[in-house]
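Undergrad: Here is a sequence together with a model predicted from it:
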Amino acid sequence: MKSPPPPRELTSVPRFSDRVFRGVVTSGGLSSLVILGLIFAFLTYQGFSVLRSQGFYFITGSEWALITDDAGNMIADQTKFGIAAMLIGTILCSLVAVVIAVPISVFSALFLNFYASPRLKKFMVAVIDLMAAFPSILFGLWGFFVLMPSVEYWGKLLHKYLGFIPFFKMEVPVFTRSPFVAGVVLAVMIIPIITSVAREIFSQTPLDRVQAAYALGATRWAMIKAVALPYGRSGVVGGAMLGLGRAMGETVAVYTVLNIVYQVNWHILVGAGGNVASMILLKFGDAGPAEIKALMAAGLVLFLLTLIVNSIANFIVKRTGKSGR
């Protein structure tokens with residue numbers, strides 16, 4: 001018979017291994033902040049001259065015109081760089097994606113946690129996690145060749161029955177390659193992200209509250225409305241904001257299905273628009289040194305916009321988390 005192991009000595013003084021582990025964990029946590037800081041510094045350094053010369057026009061203007069002389073040098077007082085059209089397109093496509101993705105994701109997460117059998121849940125979780133790892137170009141090609149004909153039919157229905165609303169109004173009935181199509185593709189891309197976050201939160205619903213609801217005679221759906229949804233509200237909001245950040249920064253999928261036109265477009269069914277990331281992709285290959293600096297400035301604006309969205313998400317999660325629990 002083996003003797004029991006000696007009791008571990010308890011001490012308040014951290015051992016060498018504890019100090020090493022703490023240093024590794026701290027370094028890993030700080031590395032993300034350092035990388036973000038370096039990205040911000042690089043974009044600021046490259047694009048500051050354009051932001052200084054263009055001023056607020058860079059955010060409020062909708063003209064992108066690089067004027068050069070015969071020698072190819074940029075004429076500063078005639079050149080205009082404005083990304084308002086692309087910013088509006090970024091927000092429009094992202095909002096369409098979130099409006100479509102959030103209800104589907106929430107109901108999917110509730111089904112997986114409270115209705116699906118263990119075998120079905122395991123299979124669907126594997127599929128959802130696999131979808132989250134798909135490259136963006138696959139979603140773009142699928143959206144262009146498979147989804148676009150169906151979305152074109154949905155666009156016609158929206159225009160027919162909701163055309164009196166400005167967002168769904170259009171003059172020329174051409175429904176392909178519109179922000180609505182791009183929003184649907186982005187929604188398919190962010191559904192796995194929001195579903196995974198919401199599923200993890202709903203799975204942590206306190207068992208005593210669930211059993212108390214059943215003991216009071218609540219049905220499964222009544223328990224979900226009274227217990228699971230209030231408890232998981234912060235997770236749903238956090239997942240939605242995480243998906244929104246992913247949608248705002250998406251490049252290849254939007255570039256594939258959206259007709260990139262440099263004009264302000266508030267109508268989601270009109271085949272014109274774009275977003276900041278796809279505009280950078282479109283112009284970067286043929287850009288000269290001056291235009292590259294302008295594209296860096298556009299990247300800086302997108303970086304700050306995403307950072308603001310994430311900060312708002314953290315604030316909302318804290319507020320809803322307190323009220324939900």
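TA: Right, received. Where do you want to start? Numbering: from 1, shown residues only.
Undergrad: can you pull out the helices in this structure?
TA: Counting by DSSP state H, the chain has helices at residues 16-54, 57-60, 84-114, 118-132, 136-142, 148-162, 179-203, 207-215, 220-223, 229-231, 233-248, 252-257, 276-284, 289-324.
Undergrad: How many neighbouring residues does the nearest residue to Lys318 once chain neighbours are set aside have?
TA: Once flanking residues are discounted, Lys318 sits nearest to Ser234: 7.7 Å by CB to CB, 6 or more residues apart in numbering. In short, each C-beta sits where N, CA and C put it, glycine included. Number of residues near Ser234 (other CB atoms under 10 Å) recorded here: 20.
Undergrad: just the one 5 residues further on next, same as before
TA: Counted with other CB under 10 Å, the neighbours of Gly239 add up to 28.
Undergrad: Tell me who's in contact with it.
TA: 105, 193-198, 201 (CB atoms under 8 Å, 6 or more residues apart in numbering).
Undergrad: repeat that for 6 Å
TA: 194, 197-198 (CB atoms under 6 Å, 6 or more residues apart in numbering).
Undergrad: returning to what we had before: my read: the residue nearest to Lys318 touches Val317, true?
TA: Yes - when contacts are counted by CB atoms under 6 Å, Ser234 is listed as touching Val317 (4.6 Å).
Undergrad: hang on, the earlier thing: of all the helices of the chain, which one comes closest to Ile67?
TA: helix 289-324 (10.2 Å; CB to CB).
Undergrad: can you list the weak-confidence ranges in the stretch 151-300 of the chain?
TA: Counting by pLDDT under 70, the stretch 151-300 of the chain contains low-confidence residues at 172-173, 175.
Undergrad: switch to 90 and redo it
TA: The model of the stretch 151-300 of the chain has pLDDT under 90 over residues 151-182, 197, 200-201, 203-211, 213-221, 225-291.
Undergrad: And Leu38, what's its pLDDT?
TA: You'll see Leu38 listed with a pLDDT of 92.
Undergrad: any idea how far it is from Thr90?
TA: Here Leu38 is placed at a distance of 24 Å from Thr90 (CB to CB, to the nearest Å).
Undergrad: neighbour-wise, which of those two wins?
TA: Thr90 (28 against 10).
Undergrad: Can you tell me the closest non-neighbouring residue to that one?
TA: Ranked by CB to CB, 6+ apart and with sequence neighbours excluded, the top spatial neighbour of Thr90 is Asn275, at 3.9 Å.
Undergrad: Then Ser178?
TA: Gly271 (4.7 Å).
Undergrad: quick one, what contacts that neighbour?
TA: Counting by CB under 6 Å, 6+ apart, Gly271 has contacts 174, 176-178, 259.
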